[in-house]
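Engineer: got a predicted model here, sequence first, then my questions.
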Amino acid sequence: MFGGEGIYRDDAFFGILYRDRLYFKTDARTRPDYEAAGMGPFQPNAKQCLSAYLEVPASVVENPAQLSEWAMRTAQCGSGKSSRPTRPRRKGRP
C-alpha cells in the first residue's frame, strides 16, 4: 500500500507503516492526542493525503506499553463497515 505496509486487526485496517514512520487511523475520540503532539497526516505524495491517518509520536512508538494502548484504541476506530476497507476473503472462509 503506497509503497508501505498496512496494519490490520482481524479485517479492520487501522495503520500504515511508511518510510520508517507509523500512522494510525484517528477519529474524534483519538485525534486530539495526535494533534496535541503536533503530528501530521499520512501524505505519500504531493497529490494524496489521508487525513484520517496521523503519525504516531516517537515517544509513543518507543514505549511498548503506550504503543499497545494507542494501537488498541485505534483498532476500534470506525467500527462501522462503511469506514473500513474490505479485504478479499479466501475460499472456504465466511
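Structural biologist: Sure thing, it's come through. Since we're looking at a predicted model, the values are computed, not measured. Numbers count the residues shown, from 1 in each chain.
Engineer: and the next element down the chain from the least confident helix or strand in the chain by mean pLDDT?
Structural biologist: Least confident element among the helices and strands of the chain, by mean pLDDT, DSSP states H and E: strand 5-9 (a mean of 87). Where DSSP states H and E defines the elements, the next helix or strand beyond strand 5-9 is strand 12-18.
Engineer: what mean pLDDT does that next one have?
Structural biologist: For strand 12-18, mean pLDDT is 91.
Engineer: in that strand, what's buried?
Structural biologist: Going by neighbour count (16 or more other CB atoms under 10 Å), the buried part of strand 12-18 is 12-16, 18. Every residue, glycine included, has its C-beta placed from N, CA and C.
Engineer: let me have those in JSON lines, adding distance to V56 as columns.
Structural biologist: Putting those into JSON lines (distance: CB to CB, whole Å) gives the following:
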{"residue": "A12", "distance to V56": "17"}
{"residue": "F13", "distance to V56": "15"}
{"residue": "F14", "distance to V56": "11"}
{"residue": "G15", "distance to V56": "8"}
{"residue": "I16", "distance to V56": "10"}
{"residue": "Y18", "distance to V56": "12"}
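Engineer: wait, which of the residues you listed is closest to P64?
Structural biologist: Compare each of these with P64 using CB to CB and the shortest gap goes to G15, at 15.5 Å.
Engineer: thought that closest one was touching R21?
Structural biologist: No. The criterion here is CB atoms under 8 Å, and G15 misses it with R21 at 10.8 Å.
Engineer: picking up where we left off before, same for the least confident helix or strand of the chain, what does it pack against?
Structural biologist: strand 12-18 (3 or more CB pairs under 8 Å, 6 or more residues apart in numbering; DSSP states H and E).
Engineer: if we can go back for a sec, and the least confident helix or strand of the chain with strand 12-18, angle?
Structural biologist: 150 degrees (axes from the mean of the first three to the mean of the last three CA atoms, to 10 degrees).
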